[in-house]
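[1] Structure of the sequence below:
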Amino acid sequence: MPNSDNNFGTYNKQTVIYSQTGVSPTVFANVDAAKTFFLSTELQTIHDECCTNLQYALKADGNGDNTKLKVTFDFGTKGSPTQAEADDWAEQFNTRKNALSSVPNVASLETITESDSAEHLF
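    I've put the predicted structure just below:
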């Protein structure tokens with residue numbers, strides 16, 4: 001579950017779309033199946049712990065099949081005037097994500113791409 005540090009607002013909203021390229025992309029029945037396919041357990045934990053607002057949705061491809069995962073997130077601040085930037089949520093997210101050995105979780109031989117989107121879920 002995302003953190004609740006929104007007393008000082010939220011910042012750095014980002015939307016990412018995970019998609020597959022290949023001959024036979026996996027079609028997802030629900031968001032949880034897509035999260036498991038695209039995101040390692042460790043990355044899901046980082047999202048849950050560091051993001052203040054977090055929302056996932058399935059996204060259809062050109063054929064109308066739900067083969068993509070869209071995630072929108074932002075970050076609050078811990079709010080202490082003496083808080084080091086490196087200890088705040090957005091930087092914790094970046095540091096922890098960059099330390100992972102495999103992002104995203106490649107569950108098949110398909111190519112998985114990650115792209116930014118301005119079409120936020122919230």
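
[2] Pairing partners for the host helix or strand of residue 74, with directions?
    In this assignment (DSSP states H and E), residue 74 forms part of strand 66-75. Strand 66-75 pairs in its sheet with strand 11-21 (antiparallel), strand 53-60 (antiparallel), by DSSP bridges.

[3] now those strands in a markdown table, with mean pLDDT?
    As requested, the strands paired with strand 66-75 are exported to a markdown table (pLDDT from 0 to 100):
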| stretch | mean pLDDT |
| --- | --- |
| strand 11-21 | 88 |
| strand 53-60 | 96 |
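
[4] ok, residue 97 touching residue 44?
    No. Judged on CB atoms under 8 Å, residue 97 makes no contact with residue 44 at a distance of 11.3 Å. C-beta coordinates here come from the backbone N, C-alpha and C atoms, glycine included.

[5] Can you list the low-confidence ranges for this protein?
    Along the chain, segments meeting pLDDT under 70 span 1, 80-83, 102-116.

[6] residue ranges for the helices of the chain, please.
    For the chain, helices defined by DSSP state H occupy the ranges 31-38, 41-50, 89-99.

[7] Which secondary structure elements does the first one sit against?
    This means helix 31-38. Secondary-structure packing of helix 31-38 (3 or more CB pairs under 8 Å, 6 or more residues apart in numbering; DSSP states H and E): strand 53-60, strand 66-75.

[8] And the second one, by the same measure?
    Secondary-structure packing of helix 41-50 (3+ CB pairs under 8 Å, 6+ apart): strand 66-75, helix 89-99.

[9] can I get the ones you listed in CSV with distance to residue 25?
    CSV is the format used below for the helices and strands packed on helix 41-50 (distance: least, CB to CB, whole Å):
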stretch, distance to residue 25
strand 66-75, 4
helix 89-99, 24
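
[10] which one of these is the most hemmed in?
    Of all the helices and strands packed on helix 41-50, strand 66-75 carries the top mean neighbour count, a mean of 22, counting by mean count of other CB atoms under 10 Å.

[11] Run the angle between that one and helix 89-99 for me.
    130 degrees (axes from the mean of the first three to the mean of the last three CA atoms, to 10 degrees).
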